[in-house]
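1. have a look at this prediction, sequence included:
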Amino acid sequence: MGNRVVITGIGIYSCIGENLEEVKKSLYEGKSGIVIDPLRTEMGYQSALTGMVKDPHLKPFLSRRERIGMHQPAQYAFMSTKEALEMAGMDIDYLEKNETGIIFGNDSTAGAVIETIDKIREKKDTSLVGSGAIFQNMNCTINMNLSTIYKLKGINFTVSAACASGSHSIGLAHLLIKQGLQERVVCGGAQEINEYAMGSFDALGAFSSKQSTPTKACSPFDRDRDGLVPSGGGATLILESLESAEKRGATILAEVCGYGFSSNGDHISNPNLDGQVRSLEMVLKQSNLTAKDIDYISAHATSTPVGDSVEAQAILKVLGSQTPVSSTKSMTGHECWMAGASEVIYSILMMQNDFVAPNINFENPDEDSAKINVIPETKKDYKINTFLSNSFGFGGTNSSLIIKKWARGE
């Protein structure tokens, strides 16, 4: 069976709130964080919609030396990690003395790379780039910075798996702790949201064109959906063995019961029903649970015409038609590399506060979404004991997680 794996801390920095309390309120109220970014309009984006996340002010927390190697993904991840570690009751002194790993999901550093190259082109002198550029430019920027700041001495690598990156980071941390290779792991995902990060996505015509009504632009599962809205931020979870958490006297939030994964082995960008079904069946098997045990499904649904339909079919086939389903992307937009982690945190907040966040902008179901139980308005006074979270990414990478509410004495 291996070690039981629990969650003792969570932290979030997103377009619907810069901390857990703000985010919980937005989720409950169905508040959208989608706006128009004027910089994208100036740059020639077909769609300037985004979930806007401001750059945090780090001077009160970090020295200049600690800050110079951090661009947006690392900055956002620092803010969410700070909150998660504080909740878990782990300070730097504890982390330095007790081996702790870090696995973070991240799949781009476009803003940092472009700024560096622009400086070289302008100055014609690489010595003027600055010593922090290399650490900002690397895909492992979050791990490099946070492991140094927090004196982490365990496993240390970055998961680069498109829009399933954050979910896979939790799944891998879960496996390492379950097998006894780590006692605790800091994990999560982060996504840059600067004007450079999403140009190639926009070139595909993948974004919603509903710029006249930004808060209604992202409409997962709705018949009239026309594309995703990019977003970002940082999301962190502290995973720990049950033994470690109990030894510390930590407050346990939830238990990670299982991790399912698959690769479509098919088209580089189109979703695949078989791949998603295999991921869902695997997570149920690994958790030793059935579809009837799931109280809520946090859907990947990004508001793309094909993607949402395939996921609705997969949910119906494996989990049935009755379980409440919503996509928080209707409010946040698609947080990409961060989404698999942030959506677990959003679901934990729902679990703690007895509600299901709405799938806003769901007004007209299509043939597939009509067959599952999409929740268009906040479902109040609803107890979630066990939820399932889906994340699917380009290249056919699929990840599914099952999280269970912790009950004292279990």
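-> Yep, that arrived.

2. does residue 205 touch residue 46 like I think?
-> Yes - with contact defined as C-beta atoms under 8 Å, residue 205 counts as touching residue 46 (6.6 Å). From N, CA and C alone the C-beta is placed, and that goes for glycine too.

3. who's more crowded, these two?
-> More crowded of residue 205 and residue 46, by other C-beta atoms under 10 Å: residue 46, with 15 against 11.

4. pLDDT score for that one?
-> pLDDT, residue 46: 96.

5. which ones are touching the residue lying closest to it once chain neighbours are set aside?
-> Nearest residue to residue 46 in three dimensions, chain neighbours excluded: residue 202, at 5.5 Å (C-beta to C-beta, 6 or more residues apart in numbering). Residue 202 makes contact with 40, 45-47 under the criterion C-beta atoms under 8 Å, 6 or more residues apart in numbering.

6. can you list the domains in the chain?
-> What automatic domain parsing lists as the domains of the chain is 5-248, 258-405.

7. which parts of the strand or helix carrying the residue nearest to residue 46 are buried?
-> Assigned by DSSP states H and E, residue 202 falls within helix 199-203. Under the neighbour-count criterion of 16 or more other C-beta atoms under 10 Å, helix 199-203 has 201-202 buried.

8. after it, next one along is what?
-> strand 233-241.

9. now residue 119: how far from residue 130?
-> Per C-beta to C-beta, to the nearest Å, residue 119 is found 8 Å from residue 130.

10. actually residue 182, not the one I wrote
-> Applying C-beta to C-beta to residue 182 and residue 130 gives a distance of 34 Å.

11. neighbour count winner among those two?
-> It is residue 182, of residue 182 and residue 130, that has more neighbours when counted by other C-beta under 10 Å, with 23 against 13.

12. how about the secondary structure of that one?
-> Under DSSP: H, G, I helix; E, B strand; the rest coil, residue 182 falls in the coil class.

13. swap in residue 352?
-> helix.

14. list the contacts for it?
-> Counting by C-beta under 8 Å, 6+ apart, residue 352 touches residue 253.

15. gap between it and residue 120?
-> Distance, residue 352 to residue 120, by C-beta to C-beta: 48 Å.

16. which residues of the stretch 301-410 of the chain score low on pLDDT?
-> Low-confidence segments of the stretch 301-410 of the chain (pLDDT under 70): 408-410.

17. would you map the strands across it?
-> Counting by DSSP state E, counting those that start in this stretch, one finds strands in the stretch 301-410 of the chain at the ranges 324-326, 355-356, 373-374, 379-380, 386-393, 397-405.

18. ditto for the stretch 51-200 of the chain
-> Taking DSSP E, counting those that start in this stretch, the strands of the stretch 51-200 of the chain run over residues 101-105, 156-159, 184-191.

19. residue closest to the middle of this protein?
-> residue 339 (2.5 Å; C-alpha atoms, centre = their mean).

20. name the nearest residue to residue 10, sequence neighbours excluded.
-> Nearest residue to residue 10 in three dimensions, chain neighbours excluded: residue 345, at 4.9 Å (C-beta to C-beta, 6+ apart).

21. surely that neighbour and residue 13 touch.
-> No - judged on C-beta under 8 Å, residue 345 makes no contact with residue 13 at a distance of 10.6 Å.

22. what do these two both touch?
-> With contacts taken as C-beta under 8 Å, 6+ apart, residue 345 and residue 13 have residue 235 as neighbours in common.

23. and residue 63, how many neighbours?
-> Neighbour count of residue 63, defined by other C-beta under 10 Å: 10.
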